[in-house]
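In: below: sequence and its predicted model.
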Amino acid sequence: MAKHTMFFFLPFSISCKSSHSFVPTFNNRILEPELPWMLHHHLVMSKCKCKRDYDRRTALHLAACEGCTEIILLLLEKGADVNSTDRWGRTPLSDARSLGHLEICKILEAHGGLDPVGLDSQTPCYQIHYTEVRMKESILIGEGAYGEVYKVKWRGTEVAAKTIRSSIASSETVRKAFLKELELWQTLRHPNIVQFLGVLKDSDRLIFLTEYLKNGSLYDILKKKGRLDSMTAVSYALDIARGMNYLHHHKPHAIIHRDLTPRNVLQDEAGRLKVTDFGLSKIAQEKDVYGYKMTGGTGSYRYMAPEVYRRESYGKSVDVFSFALIVHEMFQGGPSNREEPPEHVADKRAYEDSRPPLSSYLYPEPVRMLLKRCWHRNPDVRPKFEDIITELEKILENEEIVAVGVFIIFGLCNSTRRVSDSSNNMRRHVGLGGSTCEEASLGEDDKKDNDDGFYIRRCVELARKAIGHTSPNPMVGCVIVKDGKIIGEGFHPKAGQPHAEVFALRDAGELAENSTAYVSLEPCNHFGRTPPCSEALIKAKVKKVVVGMVDPNPIVASRGVAKLQDAGIDVTVGVEEELCKKLNEAWIHQMKTGNPFVTLRYSLTIDGGLSDDLGEESMEAGGYYSRLLQEHDAVVLSSKSLKKYSVPESKEPKSNQPLRVIIAKDPNQVIQIEESASKVVIFTDQQTGVGSEKGIETRVFDELKLGTILEHCKGEGLCSVLLDLRGGIVDFEEILKGVEGNLVQKLVVEVLPIWGGNKEATSLEAIKIGQKAGLNKFEPKIVGKSVILEGYF
């Protein structure tokens with residue numbers, strides 16, 4: 001489905017062969033499965049008839065050049081002008097003849113196609129007279145090793161002019177490189193390749209023109225937005241892969257880009273990415289597929305394939321390696337090794353087989369497996385771009401299928417139009433079982449512009465290492481920085497142990513003097529189990545402290561900041577504040593209300609049925625349910641769920657298991673509890689011997705109401721509670737009342753990619769919770785094959 005959304009202007013239908021296989025049809029005729037994507041822009045924007053590019057070429061011209069018979073027939077059937085001419089007077093038949101596409105020639109001739117230029121026509125001339133371009137009104141938009149890039153106007157249209165500086169234009173080597181790039185570029189026509197327009201003649205400089213893309217580069221996008229949501233990242237990856245696949249299959253000679261980086265990928269106004277800059281590109285060898293070696297230190301080291309860095313022979317697969325690193329950065333928000341010099345990074349990859357980390361928290365399994373193959377040490381193992389495209393399309397297709405089902409279930413769309421809008425919104429905002437876009441790390445260049453944000457993000461990363469261990473204390477991270485370098489790091493590991501600032505200062509040692517301390521939460525200024533952190537910072541003689549958020553604890557309440565300022569230390573407060581609040585949302589809620597932070601969780605099938613199942617790998621390390629257990633002090637579930645599942649345990653490394661509160665309404669219910677299970681208590685409303693043989697504590701209540709259960713959790717000093725509705729804890733009407741009474745703060749719903757759940761009244765009530773309560777900060781996430789919906793009441 002994702003693959004063929006480009007045809008929404010045409011009378012296409014989508015026929016379903018299986019739950020995850022969709023085929024485009026036209027007038028009940030199945031089209032070729034691999035339709036050439038270079039026609040995407042023309043088909044959508046022109047309704048298949050009149051859209052032209054800078055060279056006044058139509059979709060029919062492009063189809064004739066590429067030999068796409070199916071597309072030719074489709075366009076002609078839709079009324080495309082068979083004799084439209086480009087800026088050189090060439091018709092589609094002229095292009096088909098010059099490239100030897102005889103079958104297409106016959107089709108075009110049968111529809112009245114003419115060839116006014118004949119077989120003797122030369123390759124189109126791309127020379128542009130300098131008087132057509134207003135270079136005096138140019139605006140500098142970029143600089144490179146050899147020259148600048150300007151925004152200029154050509155024939156009333158804004159275009160980009162790439163120039164070679166006059167001081168080096170006389171160099172024969174530079175001129176050859178420039179002309180070689182022109183030779184490659186002028187033959188390329190694809191929606192995911194920046195379009196070459198021509199070269200200025202009668203000019204004292206070497207200048208050629210390309211289309212101007214004002215949205216900037218992928219590097220600019222990542223710098224501004226940080227980590228991209230999953231569907232956007234996959235869509236962008238498809239754009240790049242399609243452009244690269246075109247280069248690798250270009251006729252008459254395939255092209256190796258050899259310098260694929262985020263800076264060399266631009267975005268047009270429609271949001272589509274395009275590959276650019278062919279200064280280091282090579283013509284792929286037909287006989288010797290690894291026929292090139294790097295002869296100098298040229299190219300971007302951070303994205304360089306190991307064989308290129310080692311000066312070994314290389315082929316097309318070097319572009320696949322670079323592509324994988326770019327995709328990794330889209331999910332990560334920047335390079336994971338931003339602290340290291342690019343050449344050191346390349347050296348480690350070449351000689352130590354070092355690769356960026358692929359946390360299951362950020363990357364779906366299909367993407368992880370694909371990236372591992374793409375950056376494999378053996379070039380022969382790396383997939384080709386046509387295979388990469390197929391895999392990415394499947395990932396995107398599955399995500400969109402489930403996404404549309406999710407929005408229908410929750411009543412977030414009232415029409416087909418709204419379904420489309422919701423899917424587009426999900427494409428922009430969906431995450432992948434990980435943190436939101438605000439949690440993305442910045443790249444090394446971002447650090448220069450936003451040092452404070454960069455280091456507070458690092459504080460949050462450190463703090464998260466203690467998930468599940470600090471309650472009733474908050475999670476806190478601290479970073480000590482001096483002269484632009486991190487000299488000390490620390491986090492609060494466990495209640496009763498020293499705070500983050502103490503560990504970071506110990507790590508920094510004497511270097512902490514005159515440094516800047518970054519801390520995600522305001523340093524404490526009171527004696528508790530440990531001495532005040534404000535005193536430790538003052539004693540260490542730091543000159544500045546940057547605080548993520550003020551402590552809501554009335555005992556602290558900005559007193560730590562005041563103490564530091566009184567000591568002459570410069571203090572900045574509120575950097576990445578929302579991110580820091582998200583980190584400790586449960587602790588903040590308990591501190592303000594005295595009540596535990598309650599998360600409600602249940603599962604639905606894609607057709608809206610209630611399910612007692614969990615998604616694949618959700619209980620494994622890194623799975624969303626395993627992480628929920630790690631993050632909460634207690635989990636409340638029905639004894640009925642233990643008929644199918646064992647007592648839940650988090651599988652996260654060194655996880656502190658939550659208290660398992662089992663609701664047993666049936667005194668005869670046999671509960672299977674493993675010998676290894678600890679921290680289990682049974683709540684019941686009648687005397688029972690359940691669990692007594694295991695020595696498990698049983699508590700009897702007059703009524704097992706939601707308020708009663710949560711009041712007991714409050715009395716136990718629990719900071720966060722997970723209500724798992726598998727098997728039914730209490731009826732949904734009571735849960736809805738609890739939501740309306742502010743007893744529940746957060747909703748987590750897993751939508752499974754299966755059909756046929758329980759569609760009785762209880763299921764409908766479950767759906768009503770999401771509809772009636774009014775969710776805030778609604779955030780869908782793709783996790784494996786499921787969609788996880790998170791929102792706040």
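Out: On my side now, so go ahead.
In: quick check, residue 350 in a helix?
Out: Yes. Counting by DSSP: H, G, I helix; E, B strand; the rest coil, residue 350 is part of a helix.
In: so how many other residues sit close to it?
Out: Other residues within reach of residue 350, judged by other C-beta atoms under 10 Å, total 20. (Each C-beta comes from the backbone N, C-alpha and C, glycine too.)
In: now do stretch 81-96: distance from first to last residue.
Out: Using C-alpha to C-alpha, to the nearest Å, one end of stretch 81-96 lies 15 Å from the other.
In: kindly report the same for stretch 512-525.
Out: 20 Å.
In: mind listing what's buried in that stretch?
Out: 512, 515-525 (16 or more other C-beta atoms under 10 Å).
In: how about stretch 737-756?
Out: So for stretch 737-756, counting by 16+ other C-beta under 10 Å, buried means 738-739, 743-754.
In: any chance of JSON lines for the buried residues of stretch 512-525, columns pLDDT?
Out: Below are the buried residues of stretch 512-525 laid out as JSON lines (pLDDT from 0 to 100):
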{"residue": "512", "pLDDT": "96"}
{"residue": "515", "pLDDT": "96"}
{"residue": "516", "pLDDT": "97"}
{"residue": "517", "pLDDT": "97"}
{"residue": "518", "pLDDT": "97"}
{"residue": "519", "pLDDT": "98"}
{"residue": "520", "pLDDT": "97"}
{"residue": "521", "pLDDT": "95"}
{"residue": "522", "pLDDT": "94"}
{"residue": "523", "pLDDT": "93"}
{"residue": "524", "pLDDT": "87"}
{"residue": "525", "pLDDT": "80"}
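In: hang on, the earlier thing: among the buried residues of stretch 737-756, which lie within helices?
Out: 738-739 (DSSP state H).
In: quick one on the thing from earlier: between the buried residues of stretch 512-525, which is closest to residue 590?
Out: residue 521 (14.6 Å; C-beta to C-beta).
In: residue contacts, that closest one?
Out: Residues in contact with residue 521, defined by C-beta atoms under 8 Å, 6 or more residues apart in numbering, are 474, 476, 547-549, 551, 580, 584.
In: OK, contacts around the nearest residue to it once chain neighbours are set aside?
Out: Beyond its immediate neighbours in the sequence, the residue positioned closest to residue 521 (C-beta to C-beta, 6 or more residues apart in numbering) is residue 476, lying 4.7 Å away. Neighbouring residues of residue 476 by C-beta under 8 Å, 6+ apart: 459, 463, 470, 491-492, 499-501, 519-521.
In: ok, back up a step: with distance to residue 223 and secondary structure added, can I get the buried residues of stretch 512-525 in JSON lines?
Out: As requested, the buried residues of stretch 512-525 are exported to JSON lines (distance: C-beta to C-beta, whole Å; DSSP: H, G, I helix; E, B strand; the rest coil):
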{"residue": "512", "distance to residue 223": "30", "secondary structure": "helix"}
{"residue": "515", "distance to residue 223": "26", "secondary structure": "coil"}
{"residue": "516", "distance to residue 223": "22", "secondary structure": "strand"}
{"residue": "517", "distance to residue 223": "26", "secondary structure": "strand"}
{"residue": "518", "distance to residue 223": "20", "secondary structure": "strand"}
{"residue": "519", "distance to residue 223": "25", "secondary structure": "strand"}
{"residue": "520", "distance to residue 223": "23", "secondary structure": "strand"}
{"residue": "521", "distance to residue 223": "27", "secondary structure": "strand"}
{"residue": "522", "distance to residue 223": "29", "secondary structure": "coil"}
{"residue": "523", "distance to residue 223": "31", "secondary structure": "coil"}
{"residue": "524", "distance to residue 223": "35", "secondary structure": "coil"}
{"residue": "525", "distance to residue 223": "37", "secondary structure": "coil"}
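In: so which of those comes closest to residue 80?
Out: Among the buried residues of stretch 512-525, and counting by C-beta to C-beta, the member closest to residue 80 is residue 520, at 59.5 Å.
In: how near is that closest one to residue 499?
Out: 11 Å (C-beta to C-beta, to the nearest Å).
In: what does residue 189 give?
Out: In terms of C-beta to C-beta, residue 189 sits 61 Å off from residue 499.
In: and the residue nearest to residue 521, what's its pLDDT?
Out: For residue 476, the model assigns a pLDDT of 97.
In: same check on residue 274?
Out: pLDDT, residue 274: 95.
In: correct me, but it touches residue 189?
Out: No. Here residue 274 does not reach residue 189: they are 11.8 Å apart, not a contact under C-beta atoms under 8 Å.
In: what touches both of residue 520 and residue 499?
Out: With C-beta under 8 Å, 6+ apart, residue 520 and residue 499 have common neighbours 476, 478.
In: on that earlier part again, residue 274 and residue 189: which has the busier surroundings?
Out: residue 274 (22 against 18).
In: now do the SS call for that one.
Out: strand.
In: against residue 326, how distant is the closest residue to it other than its chain neighbours?
Out: Using C-beta to C-beta, 6+ apart and skipping the chain neighbours, the partner closest in space to residue 274 is residue 194 (4.7 Å). Separation of residue 194 from residue 326 (C-beta to C-beta): 16 Å.
In: repeat for residue 568
Out: 46 Å.
In: among the contacts of residue 521, which one has the lowest pLDDT?
Out: Lowest pLDDT among the contacts of residue 521: residue 551, 90.
In: name the element residue 703 belongs to?
Out: Following DSSP states H and E, there is no helix or strand that holds residue 703.
In: what sits closest to it if chain neighbours are left out?
Out: residue 685 (6.3 Å).
In: ok, the one you found - contacts?
Out: Counting by C-beta under 8 Å, 6+ apart, residue 685 has contacts 665, 700-704.
In: so which of the contacts of residue 476 are in strands?
Out: Per DSSP state E, strands hold the following members of those: 491, 519-521.
In: low-confidence regions, the stretch 351-500 of the chain specifically.
Out: Counting by pLDDT under 70, the stretch 351-500 of the chain has low-confidence residues at 360-362, 398-450.
In: what ranges do the strands span in it?
Out: For the stretch 351-500 of the chain, the strands defined by DSSP state E, counting those that start in this stretch occupy 477-482, 485-491.
In: what does the first one rub up against?
Out: Residues outside strand 477-482 that contact it (C-beta under 8 Å, 6+ apart): 451, 455, 458-464, 486-492, 499-501, 503-505, 507-508, 511-512, 514-520, 542.
In: the longest one too?
Out: Identification of contacts with strand 485-491 by C-beta under 8 Å, 6+ apart yields 339, 455, 458, 462-463, 465-466, 475-481, 500-509, 511-512, 515.
In: which strand residues bridge the residue lying closest to residue 479 once chain neighbours are set aside?
Out: Ranked by C-beta to C-beta, 6+ apart and with sequence neighbours excluded, the top spatial neighbour of residue 479 is residue 518, at 4.5 Å. Residue 518 forms beta bridges with residue 479, residue 546, as assigned by DSSP bridges.
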